[in-house]
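[1] only geometry, no sequence info:
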């Protein structure tokens, strides 16, 4: 089946620290992988995506590389800011490039950045 | 351009009542999906509609139903509400161009 496992939070960092949030997946096909961010009281915003193995998604200083050999899509940022405080969700779509399939989400990781 | 809009933003209902949630997709998007997000968990897929036809259904009871209208907007209906239906209900729209899903801000449903 299809599933996503994220490292459990909460994660608390000081400003300018390095961030890693681990994400591994199980999929039956050739999935696309996503990271979404949810700020307090809001819906989900797409942060970055990758549609095939070895692709690197990047946005706003965040990066994640699609690793088929380790079935992973870890989120990284070299220097976090207070404004990065949010909940981060890893997700997969089972059919690469398709937008007619469901998304499978991890449980989410709460990130808090202190000044 | 307007994003995905959902209404209402907040709702309080009593157990056993019925609720209708509404979603307007991004202009040009023909696919609408609904997700339930219980506090502290990731969103769970409920339905997907494309061109007014149901294209997928998650593991939810028959109390949950949805439809899509000719203008591609959508409604999610939940009958016989239970306390466990309290959640943030998210709508997402997408196009066929593989650009991903865009989510609305959600409707916060509280069942008392």
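    Nice, I can see it. These numbers come from a predicted model, not from an experiment.

[2] make it CA atoms for all contacts and neighbour counts henceforth
    Noted.

[3] got the contact list for the residue nearest to residue A:12 when sequence neighbours are not counted?
    Residue nearest to residue A:12 in three dimensions, not counting chain neighbours: residue A:112, with 4.8 Å by Cα to Cα, 6 or more residues apart in numbering or on different chains. By Cα atoms under 8 Å, 6 or more residues apart in numbering or on different chains, the residues touching residue A:112 are A:10, A:11, A:12, A:13, A:82, A:84, A:85, A:86.

[4] of all these, which comes closest to chain B?
    Distance to chain B across those (Cα to the nearest Cα) is lowest for residue A:10, with 11.0 Å.

[5] quick one on the thing from earlier: pretty sure the residue nearest to residue A:12 sits in a helix.
    No: going by DSSP: H, G, I helix; E, B strand; the rest coil, the assignment for residue A:112 is strand, not a helix.

[6] So which residue is smack in the middle of the chain?
    Unless you meant another one, I'm taking chain A. residue A:35 (3.1 Å; Cα atoms, centre = their mean).

[7] not quite, I wanted chain B
    Note: chain B centre (Cα atoms, centre = their mean) maps to residue B:34, 3.3 Å.

[8] Shouldn't it be within a strand?
    Yes: applying three-state DSSP, one finds residue B:34 inside a strand.

[9] strands paired with whichever helix or strand residue A:4 is part of, and their directions?
    Assigned by DSSP states H and E, residue A:4 belongs to strand A:3-6. Strand pairing for strand A:3-6, determined by DSSP bridges: strand A:23-26 (antiparallel).

[10] buried ones in the partner strand?
    Residues of strand A:23-26 classed as buried by neighbour count (16 or more other Cα atoms under 10 Å in any protein chain shown): A:23, A:24, A:25.

[11] Nearest to residue B:65, out of those residues: which one, please.
    Proximity of these to residue B:65, judged by Cα to Cα, is greatest for residue A:25, which lies at 29.4 Å.

[12] In contact with residue A:7, which residues are there?
    A:21, A:22, A:23, A:109.

[13] With residue A:55 instead?
    A:65, A:66.

[14] what's the pLDDT at it?
    Looking at residue A:55, its pLDDT stands at 93.

[15] quick one: the one residue in chain A that gets nearest to chain B and residue B:73, what's the gap?
    Using Cα to the nearest Cα, residue A:43 is the residue of chain A that sits closest to chain B, at 3.8 Å. Computed as Cα to Cα, to the nearest Å, the residue A:43 to residue B:73 distance reads 18 Å.

[16] Ok, residue A:65 next?
    From residue A:65 to residue B:73 the distance is 35 Å (Cα to Cα).

[17] Please apply the same query to residue B:45.
    For residue B:45 relative to residue B:73 (Cα to Cα), the value is 18 Å.

[18] ok so, going back, higher neighbour count, residue A:65 and residue B:73?
    More neighbours surround residue B:73 than the other of residue A:65 and residue B:73, with 24 against 20 (other Cα atoms under 10 Å in any protein chain shown).

[19] For residue B:88, see how far away the more buried one is.
    19 Å.

[20] Please identify which pair of the contacts of residue A:112 lies farthest apart.
    A:10 and A:82 (14.9 Å).

[21] Residue B:67: what's it in contact with?
    B:49, B:52, B:53, B:54, B:74, B:75, B:76.

[22] coming back round to it: can you flag the buried ones in the contacts of residue A:7?
    A:21, A:22, A:23, A:109.

[23] Look up the pLDDT of the second one for me, please.
    With respect to pLDDT, residue A:22 scores 97.
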